[in-house]
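> Pasting a predicted model and its sequence here:
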Amino acid sequence: MRHFLDMCDIAASELRAILDDAKATKAARQGWPKGKVDAGAPLADHILAMIFEKSSTRTRTSFDVGMRQLGGQTMFMTSSDMQLGRGETIEDTAKVLSRFVDIVMIRANNHQDVVDFAETGSVPVINGLTNKSHPCQIMADLQTLEEKGLDLKGARIAWVGDGNNVCASFIDAAPKFGFSLAVGTAIGYEAPADRIEAARAEQGRIDVFTSAADAVAGADVVVADTFVSMGDKDADKRLSDLAPFMVDDQLMGAANGGAIFLHCLPAHRGEEVSASVIDGPQSAVFDEAENRLHAQKAILKWCLET
Ligand code: CP
Ligand code: NVA
């Protein structure tokens with residue numbers, strides 16, 4: 001059974017194949033109407049259930065449109081409309097849904113719930129973001145960087161701000177794709193040490209900084225994310241502690257010339273990024289958002305081995 005829970009659990013060659021498939025499938029449907037089914041309808045007769053415990057625009061839309069483009073069908077559910085929201089266990093939910101659908105995507109508050117769902121159910125499970133990681137996002141990010149002409153092997157990517165779930169998946173990806181990652185976070189907002197250790201054990205180069213300027217020095221890519229993730233309670237404190245990590249023109253100027261700016265969105269202009277950067281010429285955020293669709297389709301196909 002192929003689950004897509006975290007990139008650290010998947011072989012580099014498999015991740016490479018997913019990325020190549022995402023790029024090829026995107027290229028094959030250039031100029032097509034968005035509802036047209038891909039050649040061969042690779043996931044015809046398959047149903048995807050999407051369970052959301054938190055809000056989503058891109059993940060919801062990219063999986064829903066993606067599954068339809070693959071010729072399959074989708075069901076959107078929020079945990080609050082399900083018995084899950086009234087205390088039914090993850091394990092019972094997983095066993096029941098496995099009888100109805102072919103694959104499940106979950107956005108969950110607690111990472112362990114997604115792991116438990118995958119372990120108890122009998123269909124592939126995709127992590128659509130948890131408190132710990134967001135691997136689908138990073139596949140789209142890497143696709144975007146390659147499309148912009150960056151050779152990931154030997155590239156330098158700088159993460160700036162909070163060492164959060166998205167940062168953790170960048171750390172997982174570094175040894176798999178051979179880029180080096182500079183993680184610049186405020187004190188108290190460090191990326192998880194166990195993930196850094198695991199990436200380093202796989203020969204990943206992860207350098208840790210407590211200043212944004214140090215992190216972006218020599219970077220080909222600068223990545224920002226919200227300072228207040230879904231589920232974070234201490235918004236005011238976070239905004240004030242992380243304010244020195246805003247990516248603005250000055251910080252972009254400290255990276256390599258022509259460095260690409262990425263942000264998974266939703267963004268907060270004037271908090272983690274200035275409007276001039278996110279809406280400026282170095283920003284690739286809308287290509288990045290579109291690539292969620294292409295990356296998600298390749299992940300769905302990989303999970304279902306089609
Ligand atoms: N980047 C991302 O996952 O966006 P959504 O929260 O809108 O799905
Ligand atoms: N770190 C953010 C990502 C949103 C897509 C969050 O978890 O809210």
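Perfect, thanks for sending it. Ligands and ions are numbered 1, 2, ... in the order given.

> Quick check: buried residues in the lengthiest helix in the chain?
For the chain, the longest helix by residue count, based on DSSP state H, is helix 285-303. Of the residues in helix 285-303, 285, 287-303 count as buried by neighbour count, 16 or more other C-beta atoms under 10 Å. C-beta here means a position set from N, CA and C on the backbone, and glycine is covered the same way.

> Kindly report the same for stretch 87-100.
Quick answer for stretch 87-100 (16+ other C-beta under 10 Å): 90, 93, 94, 97, 98.

> Confirm the fourth one sits in a strand?
Right, the one you point to is residue 97. No. When DSSP: H, G, I helix; E, B strand; the rest coil is applied, residue 97 is found to be helix, with no strand at that position.

> can you list the residues of the stretch 151-300 of the chain near ligand 1?
Proximity of the stretch 151-300 of the chain to ligand 1, by C-beta under 6 Å from any ligand atom, involves residues 264, 265.

> And the residue of the stretch 151-300 of the chain closest to ligand 1?
Relative to ligand 1, the nearest point of the stretch 151-300 of the chain is residue 264 (3.8 Å; C-beta to the nearest ligand atom).

> okay, now that residue: neighbour count?
25 (other C-beta atoms under 10 Å).

> Find the residue closest to it in space, skipping its chain neighbours.
residue 137 (4.8 Å; C-beta to C-beta, 6 or more residues apart in numbering).

> Who are the contact partners of that neighbour?
129, 166, 169, 264, 292 (C-beta atoms under 8 Å, 6 or more residues apart in numbering).

> Reformat these as CSV; add secondary structure, pLDDT and distance to residue 200.
Converted to CSV, those look like this (DSSP: H, G, I helix; E, B strand; the rest coil; pLDDT from 0 to 100; distance: C-beta to C-beta, whole Å):
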residue, secondary structure, pLDDT, distance to residue 200
129, coil, 98, 25
166, helix, 99, 19
169, helix, 98, 16
264, coil, 98, 24
292, helix, 98, 28
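
> So which of the residues you listed reach ligand 2?
When C-beta under 6 Å from any ligand atom is applied, the members of the contacts of residue 137 adjacent to ligand 2 are 129, 166, 264.

> Could you export these to JSON lines, including columns for distance to residue 273?
As requested, the ones next to ligand 2 among the contacts of residue 137 are exported to JSON lines (distance: C-beta to C-beta, whole Å):
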{"residue": "129", "distance to residue 273": "20"}
{"residue": "166", "distance to residue 273": "14"}
{"residue": "264", "distance to residue 273": "12"}
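
> I'd assumed residue 184 was in contact with residue 210.
Yes. Residue 210 is within contact range of residue 184, at 7.2 Å (criterion: C-beta atoms under 8 Å).

> the more surrounded of those two?
Ranked by neighbour count (other C-beta under 10 Å), residue 210 and residue 184 place residue 184 first, with 26 against 16.

> For that one, which non-adjacent residue is closest in space?
Closest residue to residue 184 apart from its sequence neighbours, by C-beta to C-beta, 6+ apart: residue 215 at 2.6 Å.

> Surely the one you found is in a helix?
Yes. With three-state DSSP as the criterion, residue 215 is part of a helix.

> what's the burial count for it?
Residue 215, neighbours per other C-beta under 10 Å, totals 28.

> Just list the residues touching it, thanks.
Neighbouring residues of residue 215 by C-beta under 8 Å, 6+ apart: 158, 159, 160, 182, 183, 184, 207, 209.

> The fifth one pairs with what?
Each beta-bridge partner of residue 183 is listed here: residue 159, residue 208, as defined by DSSP bridges.

> Would you confirm that it contacts residue 204?
No. Between residue 183 and residue 204 there is no contact under C-beta under 8 Å: 11.4 Å.

> joint contacts of those two?
Counting by C-beta under 8 Å, 6+ apart, the contacts common to residue 183 and residue 204 are residue 171.

> can you give me phi and psi for residue 253?
With angles defined as degrees, to the nearest 10, residue 253 sits at phi -70, psi -20.

> Please, where are all the helices along the stretch 1-150 of the chain?
Ranges of helices within the stretch 1-150 of the chain are 12-28, 58-69, 90-100, 111-120, 135-147, based on DSSP state H, counting those that start in this stretch.

> Compare the ones you listed and report which one is nearest to residue 3.
helix 111-120 (4.6 Å; C-beta to C-beta).
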